[in-house]
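Enquirer: fold the following, please.
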Amino acid sequence: MTLTDDTGTGRAGTPTGGIRSWLRDHSELGVSALLAVVGVLVLVDTVTAGSGGTDSDPLGPRTVAFVLGAALLLLSALLTVDILRGGHGEAEAGEDIDLSTPMDFRTVGMLAGVLIATAALIPLLGWPIAGTVLFAGATFALGSRAVARDLAIAGGVSLLTWVLFDALLGVDLPGGPLMGVFG
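Expert: Residues are numbered from 1 along each chain as shown. Sure thing, here's the model as predicted:
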């Protein structure tokens, strides 16, 4: 096995131009290291945190944290192997993006308004209704004009996330007026 590939770029092994060149060619290892650090932090925090679950809740929030931490470490390892074998990310061509077009502040403002409204509505109306406002408002801000369809989908997604968080994870999201119906 040689230290460089046939093209002389240094992607396959130790660089022809020194350690700086090798690190520049393998800069994606920084992302892999970040994934590993976050994965370790999630696992350490999960182990040192209290149980948080109940006897009637076999999964609890710790299970999800363990799965996420392990998944981050696995992804970090797989990405590292891929990078060291010569894989690297390709820059997006951006053929559908016109960089000379200015930012649409109207859309950004509408999305910010929807987020602020959602934060204000959660304590008053609960997650199912505030989440519906969030999802439907975001689709409207991004250009969808099928209001009835968007409201139906937003309501379904909002109710589903509320029930899943409550039933599977034991995370009590405020139900608002729907608390007596589903809770």
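
Enquirer: skipping adjacent residues, who's closest to residue 178 in space?
Expert: Counting by Cβ to Cβ, 6 or more residues apart in numbering, residue 178 lies nearest to residue 128, which is 5.1 Å off, once chain neighbours are set aside. Placement of C-beta: from N, CA and C, glycine included.

Enquirer: what is the burial count for the one you found?
Expert: Burial of residue 128 is recorded as 23 neighbouring residues (other Cβ atoms under 10 Å).

Enquirer: what do you get for residue 104?
Expert: Using other Cβ under 10 Å: residue 104 sits among 11 other residues.

Enquirer: buried stuff in stretch 140-148?
Expert: Buried residues in stretch 140-148, counted by 16 or more other Cβ atoms under 10 Å: 140, 141.

Enquirer: oh sorry, the question was meant for stretch 163-183
Expert: So, applying 16+ other Cβ under 10 Å, buried residues of stretch 163-183: 166, 169, 173, 174, 175, 176, 178.

Enquirer: show me how the protein divides into domains.
Expert: 19-84, 105-109+117-182 (automatic domain parsing).

Enquirer: of the ones you listed, which shows the lowest average pLDDT?
Expert: Per-stretch mean pLDDT for these is lowest at domain 19-84 (a mean of 87).
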